[in-house]
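Asks: sequence first, predicted coordinates after that:
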Amino acid sequence: MEASQQENGGIISVRRLEPVFIQPEKQPSKGRHVLSNLDHAVVAIMKTIFIYNLDGKTSSEAACDVLKQALAKVLVHYYPLAGRLKQNSDGKLFVECIDTEGVPFVEATADFSIDDLGDITVPDTPKLEKFIYQVPGLENILETPLMTAQVTRFKYGGFALGLIINHCVSDGKSAMEFVCSWAETARGLPLSTPPVIDNSMFMSNKLSPQIKIPAEKFNIVEISDVSNLESQYQKENMVYKSFSFDPNKLAELKKKAMEGDGELKYCSSFTVLAALVWRARSQALKMEPHQKSKLLFTVDIRSKLNTPLPKGFFGNGVVTSECTCTASELSENPFSFAVKMVQNAINKVNEDYIQSYNDFFENIRITTEAPSLIGTLVITSWTRIAFNTADFGWGEATKFGSVVIPKEVCLFSPAKGKDKGGIILILGLPITAMNNFQESMNKV
């Protein structure tokens, strides 16, 4: 198998071997893993790439063998990743864990060096997709493996580890804990955070669900496209860019928010940056004054429950929260208006909210159709997930990136180097809107 792409006037290519299937060294004792309602709320695929240099003593072929052997060992603990997604007569999902093929693992070689790959912070999806393995002919999320791995050896040394993980079985934090456990296993170490694969705390009472929150708060009600937003995306090319906010910039944003409103005594970096991007993006897209604009993001609930989730919980320990107003309210009110809306959306996620969210999805039948996100900005924050820390024996990842960022999504990624402690935001917009957005960012 070979994937090729024109790049700067030349051809860069990645040649793949046929996949082998990695099964856990020991068969799991549980035949199936029941997914929680929180798992059912997330129908998406995570596609990530990690870049590693080698120490000069280990060949890339030997490194690939180490990863393959360690995967078989770590899957004993993370056995759902080797299973297959199934659906029962009620439309609920579960993972069949016994007698499955396992995780497709592909070895590949690139005809270019790590340096030729360049910066992968801003996704060049056609290029980066050559570093992940997607089973040909399987597009339905219910048919594809829950995980695939591809190790691509670069010319002159080093390798890329490309992973696809189904969000139904894991959120970002759990997925990274798995990668770190895989890395520890490769180094012959015991797992520092053994996984807890138990969704019993999210099992709802089907006869008397406790739903105290309106359905629209769970992103069910779609927004009318009164600004012809969809036509902007269809008529113009998408442009992806990154914008860096070092700790000083973030401090200035917080100061601006609190000075503009005497009620704000504290605001986090996430809160001010989310408010800034939501406001600037709505203006960049030239939304009509009465256009509804929604901000949607996930909130980690591991420590928000009265009984916190156990350390190492493997699954989805997040719920979504949102805030909605008109475009005119966003633009005409002070910056602190948007900041307070984001802050309130985070603060409302308490035990009652989580219980209602969980019970609401009890009777929601899974669908592979993505919901309409017209007028919506989705923020995915990776600032508290140390994606580069997995060390398989040759140091931490030198580069890390997402293979694809949907058009409605803005990614918050932790800054490194001299800007450590800051945040890099990455998003895509139609080219005209991106020019408008960049102007707004230049004024910050």
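Replies: In hand now; what should we look at? Residues are numbered from 1 along each chain as shown.

Asks: phi, psi for residue 169 please.
Replies: Here the main-chain torsion angles of residue 169 (degrees, to the nearest 10) amount to phi -100, psi -10.

Asks: can you pull the pLDDT of it?
Replies: Turning to residue 169, the model gives it a pLDDT of 96.

Asks: enumerate every residue touching it.
Replies: Shown here is residue 169, whose contacts under the criterion Cβ atoms under 8 Å, 6 or more residues apart in numbering are 33, 35, 39, 80-81, 95, 146, 314-315. C-beta: built from backbone N, CA, C; applies to glycine.

Asks: residue 138 should be in a helix, yeah?
Replies: No - under DSSP: H, G, I helix; E, B strand; the rest coil, residue 138 sits outside any helix and is assigned coil.

Asks: what's the pLDDT at the closest residue to it other than its chain neighbours?
Replies: Closest residue in space to residue 138, ignoring its immediate chain neighbours: residue 144 at 4.8 Å, by Cβ to Cβ, 6 or more residues apart in numbering. With respect to pLDDT, residue 144 has a value of 89.

Asks: OK, contacts around residue 144?
Replies: 45, 134-135, 138, 164, 166.

Asks: shouldn't residue 25 be in contact with residue 77?
Replies: No - using Cβ atoms under 8 Å, residue 25 makes no contact with residue 77, being 10.4 Å away.

Asks: neighbour-wise, which of those two wins?
Replies: Neighbour comparison, residue 25 and residue 77: the larger count goes to residue 77, with 19 against 12 (by other Cβ atoms under 10 Å).

Asks: that one looks like it's in a strand, true?
Replies: No - secondary structure assignment (three-state DSSP) places residue 77 in coil, not in a strand.

Asks: how about the contacts made by the nearest residue to it once chain neighbours are set aside?
Replies: Nearest residue to residue 77, sequence neighbours excluded (Cβ to Cβ, 6+ apart): residue 195, at 5.5 Å. By Cβ under 8 Å, 6+ apart, the residues touching residue 195 are 77-78, 174, 177-178, 181, 312-314.

Asks: what does residue 336 give?
Replies: 257-258, 260-261, 264 are the contacts of residue 336 under Cβ under 8 Å, 6+ apart.

Asks: what's the next secondary structure element after the lowest-mean-pLDDT helix or strand in the chain?
Replies: Comparing helices and strands within the chain by mean pLDDT, DSSP states H and E singles out strand 2-7 as the least confident, with a mean of 42. Sequence-wise, the next helix or strand downstream of strand 2-7 (DSSP states H and E) is strand 10-16.

Asks: which element is encountered next along the chain beyond that next one?
Replies: Read in the C-terminal direction, the helix or strand following strand 10-16 is strand 20-22, with elements assigned using DSSP H and E.

Asks: could you pull out the helices for the stretch 151-300 of the chain?
Replies: Counting by DSSP state H, counting those that start in this stretch, the stretch 151-300 of the chain has these helices, from start to end: 172-186, 229-235, 247-259, 269-284.
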